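Peer 1: I'd like to go over a predicted model; first the sequence, then the structure.
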Amino acid sequence: MNTEIAYLAEFNIARLKGPLDSPGMQEFVDFLEPVNRFGEQSPGFVWRLTAPGGQASTYLPPAYADPLIVTNLSVWQDFASMKNFVYHTVHSYFLRSRKQWFDQIAEQHFVLWWIPADHRPTLEEAKLKLESLQAHGSTSQAFTLQKPYDSRGNSLKSEDN
């Protein structure tokens, strides 16, 4: 990215325990819209992939062969903004409670990468980044919070981000 302004793209997948209209998914579904709206109002939020009408990307047609795998793709100004929303807001309840609604996925299911400030990643781009992480581990092109990189491609300690 060099000297241009870069934003942090975040993509994750999850496998639902059942269809969105099943009783066990009700709490998750009820809070999708309010939690996403809160995220959009959070400091450092830039953009998120949505379904038509602004619904959560959870309602997009399946991006994977397994129709129970849902996606989330968002862009943040920096690590601090993204981490604050994920770990220190109402979102953290859903992260801690994820076993109620999601099955465990064996491979990496969360990837980060830097993008130019004026770019909005596509779902296909995000899937390729996740595949890269799964195949090659954390690199400057696709990385994790545990093995992060800055926008210039330099490896960071996880506490540095």
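Peer 2: Sure thing, it's come through. Predicted model, so just to flag it, every value in this text is computed and none were measured.
Peer 1: Could you identify the longest strand within the chain?
Peer 2: strand 6-16 (DSSP state E).
Peer 1: Counting by contacts, list what that one packs against.
Peer 2: Where contact means 3 or more C-beta pairs under 8 Å, 6 or more residues apart in numbering; DSSP states H and E, strand 6-16 is packed against strand 69-76, helix 79-88, strand 102-103, strand 110-116, helix 123-136. Using the backbone N, CA and C atoms, a C-beta is placed for each residue, glycine as well.
Peer 1: any low-confidence regions in the chain?
Peer 2: For the chain, the stretches flagged by pLDDT under 70 are 1-3, 158-159.
Peer 1: Quick test: name the residue nearest the centre of it.
Peer 2: Among the residues of the chain, the one closest to the centroid is F11, at 3.4 Å (C-alpha atoms, centre = their mean).
Peer 1: give me every residue that touches the closest residue to that one other than its chain neighbours.
Peer 2: Using C-beta to C-beta, 6 or more residues apart in numbering and skipping residues adjacent in sequence, the residue nearest F11 is A126, 3.8 Å away. Shown in contact with A126 (C-beta atoms under 8 Å, 6 or more residues apart in numbering): 9, 11, 71, 73, 111.
Peer 1: so how far is I115 from A126?
Peer 2: Separation of A126 from I115 (C-beta to C-beta, to the nearest Å): 10 Å.
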